[in-house]
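> with the sequence up front, the predicted model follows.
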Amino acid sequence: MATNNESNSGLWFLIGAVIVAVAAILWYLNAGGSVPAAGGGDTNVTVQAPAASAPAAPAAPAAPAGGTSETTSTTTTTTTAPASN
């Protein structure tokens, strides 16, 4: 009876891939660690907000090149309630 070693090579490849994946996950989870503070003492951090300043006013629009014409636009919105039965 002949033996077929081809089917075992795929199985070993799969087992190797799982071992590499588990090793990568363990390395990732254990690589974080804590970093000791420089000098071994307490660390004090002071954060100051920048000084508040008023936003600059927008510049007035430039006059049209053809003269001084003024355009006024108005919008009217009408809302009606639905009829009740």
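Received it, and whenever you're ready, just let me know what you need.
> which stretch of helix or strand covers Phe13?
Assigned by DSSP states H and E, Phe13 belongs to helix 6-30.
> other SSEs contacting that helix?
Applying 3 or more CB pairs under 8 Å, 6 or more residues apart in numbering; DSSP states H and E, we find helix 6-30 packed against no helix or strand. Using the backbone N, CA and C atoms, a C-beta is placed for each residue, glycine as well.
> residues contacting it, please?
For helix 6-30, contacts defined as CB atoms under 8 Å, 6 or more residues apart in numbering pick out no residues.
> what mean pLDDT does it get?
Averaged across helix 6-30, pLDDT comes to 88.
> and it, what's buried?
By neighbour count with 16 or more other CB atoms under 10 Å, helix 6-30 contains no buried residues.
> before we move on, what about stretch 48-68?
So, applying 16+ other CB under 10 Å, stretch 48-68 has no buried residues.
> then that stretch to PDB, C-alphas only?
Taking C-alpha atoms only, stretch 48-68 is exported to PDB below (Å, rounded to 0.1, in the frame of the first residue of the first chain):
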ATOM      1  CA  GLN A  48      -1.900  76.700  29.900                       C
ATOM      2  CA  ALA A  49      -4.700  77.600  27.400                       C
ATOM      3  CA  PRO A  50      -3.700  80.200  24.900                       C
ATOM      4  CA  ALA A  51      -5.100  83.700  25.400                       C
ATOM      5  CA  ALA A  52      -8.500  84.200  24.000                       C
ATOM      6  CA  SER A  53      -8.700  86.700  21.200                       C
ATOM      7  CA  ALA A  54     -11.700  88.000  19.300                       C
ATOM      8  CA  PRO A  55     -12.000  86.700  15.800                       C
ATOM      9  CA  ALA A  56     -11.100  89.200  13.100                       C
ATOM     10  CA  ALA A  57     -14.100  91.000  11.500                       C
ATOM     11  CA  PRO A  58     -14.700  89.900   7.900                       C
ATOM     12  CA  ALA A  59     -13.600  92.500   5.300                       C
ATOM     13  CA  ALA A  60     -16.200  94.500   3.500                       C
ATOM     14  CA  PRO A  61     -16.900  93.200   0.000                       C
ATOM     15  CA  ALA A  62     -15.300  95.100  -2.800                       C
ATOM     16  CA  ALA A  63     -17.400  97.500  -4.900                       C
ATOM     17  CA  PRO A  64     -18.400  96.100  -8.300                       C
ATOM     18  CA  ALA A  65     -16.200  97.200 -11.200                       C
ATOM     19  CA  GLY A  66     -19.200  98.600 -13.300                       C
ATOM     20  CA  GLY A  67     -20.400 101.200 -10.800                       C
ATOM     21  CA  THR A  68     -22.400 101.200  -7.600                       C
END
